[in-house]
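> Fold the following and give me the result.
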Amino acid sequence: MTEGAHVDLPSEIMPISWLIGGWVGVGLGTYPGIEDFQFGQEVVFSCDGRPFLTYVSRSWLLTSDGERVKPLAAESGFWRPRPENNVEIMLSHPTGYSEIYIGTTEVLGLENATITSARAMLKTDIVARTESAKPYVQGERLYGLFDGKLHWTFDMAAMDHQMQNHLSATLRPAFE
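Residues are numbered from 1 along each chain as shown. Sure, this is the predicted structure:
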């Protein structure tokens, strides 16, 4: 696993290398029919030398004091860079659905050969769900690296509601 060291990365990975590493932080969840909630999150992006990133995310419900109450969500998958700054993402969730996202990445800032600012804009191409999964039909995600932090947001169309924000978080490097 390569975390932080970009020397051995395949050239295809370079446009998304800003994601590599462990990230931790706090976010907010909201959606019609549920009470707003605060969550803690741990995310890891890694590369084993092949031209894709492995992605794992876990989150927990937090009290107003920041104490963990219970596990909330988990997802894992792969980020596959494509030509012309395009990217494909495949994610699986234990709640009974899988998603394929397509999107673009853009490097916005570069200092001393290090990416200091970037973003990835993604939309679901396919959402597949099991019979027992909640009716989630479409998603959009935005990931951004700004001021050394990973910011992300997730909009979804689910439960007969139009596309709207569901989750957002700001994560800092886990090993500062």
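
> quick one: pLDDT of the residue lying farthest from the centre of the chain?
What lies farthest from the middle of the chain is Asn112; by CA atoms, centre = their mean that is 26.1 Å. Listed pLDDT for Asn112 reads 92.

> for Asp8, same thing?
For Asp8, pLDDT reads 83.

> what's the helix or strand Phe78 falls within packed up against?
Secondary structure assignment for Phe78, by DSSP states H and E: strand 68-82. Applying 3 or more CB pairs under 8 Å, 6 or more residues apart in numbering; DSSP states H and E, one finds that strand 68-82 contacts strand 37-46, strand 53-62, strand 86-93. C-betas here are computed from N, CA, C, even on glycine.

> for these, which one sits closest to Ile13?
Closest of the helices and strands packed on strand 68-82 to Ile13 is strand 53-62, at 6.8 Å (criterion: CB to CB).

> what pairs with the closest one, and is each one parallel or antiparallel?
Paired with strand 53-62 in the same sheet, following DSSP bridges, are strand 37-46 (antiparallel), strand 68-82 (antiparallel).

> got a list of contacts for the shortest one?
Okay, so that is strand 37-46. Applying CB atoms under 8 Å, 6 or more residues apart in numbering, the external contacts of strand 37-46 come out as 1-3, 19-30, 53-64, 66, 68, 72-73, 79, 150, 167, 169, 171, 174.

> cool, and the last one?
Judged by CB under 8 Å, 6+ apart, the contacts made with strand 68-82 from elsewhere in the structure are 12-13, 15-16, 19, 39-40, 45, 51-63, 87-95, 105.

> filter the residues you listed to the buried ones?
Neighbour counting by 16 or more other CB atoms under 10 Å classes 13, 15-16, 19, 39-40, 45, 52-53, 55, 57, 59-62, 87-91, 93, 105 among the contacts of strand 68-82 as buried.

> other SSEs contacting the helix or strand encompassing Gly22?
Element membership for Gly22 (DSSP H and E) is strand 21-29. Under the contact definition 3+ CB pairs under 8 Å, 6+ apart, strand 21-29 sits against strand 37-46, strand 149-158, strand 164-173.

> can you rerun that using 10 Å?
Strand 21-29 is packed against strand 37-46, strand 53-62, strand 149-158, strand 164-173, with contacts defined by 3 or more CB pairs under 10 Å, 6 or more residues apart in numbering; DSSP states H and E.

> Make JSON lines out of these and add mean pLDDT and distance to Glu131.
Putting the helices and strands packed on strand 21-29 into JSON lines (pLDDT from 0 to 100; distance: least, CB to CB, whole Å) gives the following:
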{"stretch": "strand 37-46", "mean pLDDT": "98", "distance to Glu131": "27"}
{"stretch": "strand 53-62", "mean pLDDT": "98", "distance to Glu131": "25"}
{"stretch": "strand 149-158", "mean pLDDT": "97", "distance to Glu131": "16"}
{"stretch": "strand 164-173", "mean pLDDT": "97", "distance to Glu131": "22"}
